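[1] here is a sequence with its predicted model. Questions after.
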Amino acid sequence: KSCVAAEIFAAKALKDAGIELNGKLIITAVVNEEIAGIGGAEYIANDKIVKGDACLVGDGPCSNPMAYIGGTLQVSFTIKGVRRHNMAYPDLNPPNRNQYSGINAIHKMIPIIDFLRNLQEELEKTETKYPIAPSMPSKVSSVTITKMDGGVSHTSVPDSCTLHCLINIIPEMDLEGIKTKILTLVEEYKKKNPELDMLVQAPVFVEPLIADTNTEFAASVKKAYTSIFNEERDFKLFISSTDAHHFKRNGIDTLVIGTMRGDNNYHAQDEFVYIEDVINATKIYALAALDYLK
């Protein structure tokens with residue numbers, strides 16, 4: 001959101017200065033970037049609402065330009081059980097159950113949680129070769145259980161459980177392979193438990209992005225950083241997925257800048273950005289556009 005303000009003021013500054021650009025400068029702002037751009041950046045890129053040779057997405061750390069972006073897989077698991085009186089007909093193994101016993105959907109989700117924890121341990125064995133942005137702590141992929149819903153009361157066997165998970169990977173990892181591993185595990189779990197009523201959905205699948213840092217556009221962006229900070233700033237890895245993927249996938253040379261710092265509490269309480277970082281982003285937008293479209 002701060003970068004939307006930055007790009008608007010950058011475009012206005014260029015216009016007010018009466019600068020003639022050798023090409024077209026387009027600014028865009030969309031909703032729902034939190035869910036991989038579906039209906040937002042994905043729509044305007046895939047449906048050619050906007051076209052271009054280069055794109056500078058505002059959604060990253062403020063310290064460096066970003067040329068390497070992580071991939072994301074969002075997975076949801078839903079298990080349906082049978083609700084019964086919890087004390088009279090609990091979900092127990094034979095011979096302590098009968099046709100009236102409940103099926104505890106939350107208990108049935110435990111093997112999935114164990115699998116995801118083991119997957120996290122496996123992914124931690126591989127570190128990225130790309131330099132990470134300052135204030136970013138992780139060089140490995142992550143598996144985060146983000147939300148879990150289930151049950152109706154203390155006295156009823158839970159008849160439903162939904163678990164949401166976000167898997168964020170470094171560029172070296174195979175996202176399709178991870179998705180296949182998850183689906184295979186679920187199928188094996190179902191075979192061992194034929195009575196299991198389970199649904200798996202993967203609404204978000206965003207491959208990692210590796211940009212070409214030897215283009216004219218990359219040179220223009222680096223030049224803008226040098227002008228602002230009086231030193232050369234190298235391209236870094238931002239492990240979070242961004243809308244950049246959608247433009248890159250459509251053949252547009254795409255890089256990422258931003259206003260983020262580690263203490264900004266983004267995606268948490270009291271989220272904020274520093275005014276100085278917004279001003280710097282504005283200057284980077286303007287200088288990069290000016291140099292690339294000179």
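    Arrived safely.

[2] mind pulling up the pLDDT for the residue of the chain positioned farthest from its centre?
    No residue in the chain sits farther from the centre than Pro95, which is 46.7 Å out by CA atoms, centre = their mean. The model reports Pro95 with a pLDDT of 96.

[3] my read: Asn46 touches Asn250, true?
    Yes - contact criterion CB atoms under 8 Å: Asn46 and Asn250 qualify, at 6.6 Å. Placement of C-beta: from N, CA and C, glycine included.

[4] who's more crowded, those two?
    Between Asn46 and Asn250, counting by other CB atoms under 10 Å, Asn250 is the more crowded of the two (18 against 13).

[5] how about the nearest residue to the more buried one, chain neighbours excluded?
    Spatial nearest neighbour of Asn250, chain neighbours left out: Ala45 (4.8 Å); criterion: CB to CB, 6 or more residues apart in numbering.

[6] I figured the one you found was touching His245, is that so?
    No - judged on CB under 8 Å, Ala45 makes no contact with His245 at a distance of 9.0 Å.

[7] who's more crowded, the two?
    Ala45 (27 against 24).

[8] tell me the spacing between that one and Gln74.
    With distances taken as CB to CB, to the nearest Å, Ala45 is found 19 Å from Gln74.

[9] now swap in Asp174 and tell me
    17 Å.

[10] between these two, which has more neighbouring residues?
    Applying other CB under 10 Å to Asp174 and Gln74 shows that Gln74 carries more neighbours, namely 19 against 13.

[11] on the three-state scheme, the more buried one is what?
    strand (DSSP: H, G, I helix; E, B strand; the rest coil).

[12] give the contact list for Ala289.
    Ala10, Ala11, Leu14, Leu21, Leu25, Leu56 (CB atoms under 8 Å, 6 or more residues apart in numbering).

[13] can you give me every residue that contacts the second one?
    Okay, so that is Ala11. Counting by CB under 8 Å, 6+ apart, Ala11 has contacts Leu25, Ile27, Tyr285, Ala286, Ala289.

[14] one more time with 6 Å, if that's ok
    Ile27 (CB atoms under 6 Å, 6 or more residues apart in numbering).

[15] that one sits in which helix or strand?
    Following DSSP states H and E, one finds Ala11 within helix 2-16.

[16] thinking again about what came up before, just the buried residues out of the contacts of Ala289, in PyMOL syntax.
    Buried members of the contacts of Ala289, defined by 16 or more other CB atoms under 10 Å, are picked up in PyMOL with:
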select buried, resi 10+11+14+25+56
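
[17] adding pLDDT and distance to Thr259, write the contacts of Ala289 out as JSON lines.
    Shown next, in JSON lines, are these (pLDDT from 0 to 100; distance: CB to CB, whole Å):
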{"residue": "Ala10", "pLDDT": "98", "distance to Thr259": "13"}
{"residue": "Ala11", "pLDDT": "97", "distance to Thr259": "17"}
{"residue": "Leu14", "pLDDT": "97", "distance to Thr259": "19"}
{"residue": "Leu21", "pLDDT": "95", "distance to Thr259": "24"}
{"residue": "Leu25", "pLDDT": "97", "distance to Thr259": "20"}
{"residue": "Leu56", "pLDDT": "98", "distance to Thr259": "13"}
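
[18] in this protein, which spans are helices?
    In the chain, helices defined by DSSP state H lie at 2-16, 41-46, 105-123, 175-192, 216-229, 244-249, 275-292, listed in chain order.

[19] how about those, which one is nearest Lys147?
    Minimum separation from Lys147 across the helices of the chain (CB to CB) falls at helix 105-123, 12.4 Å.
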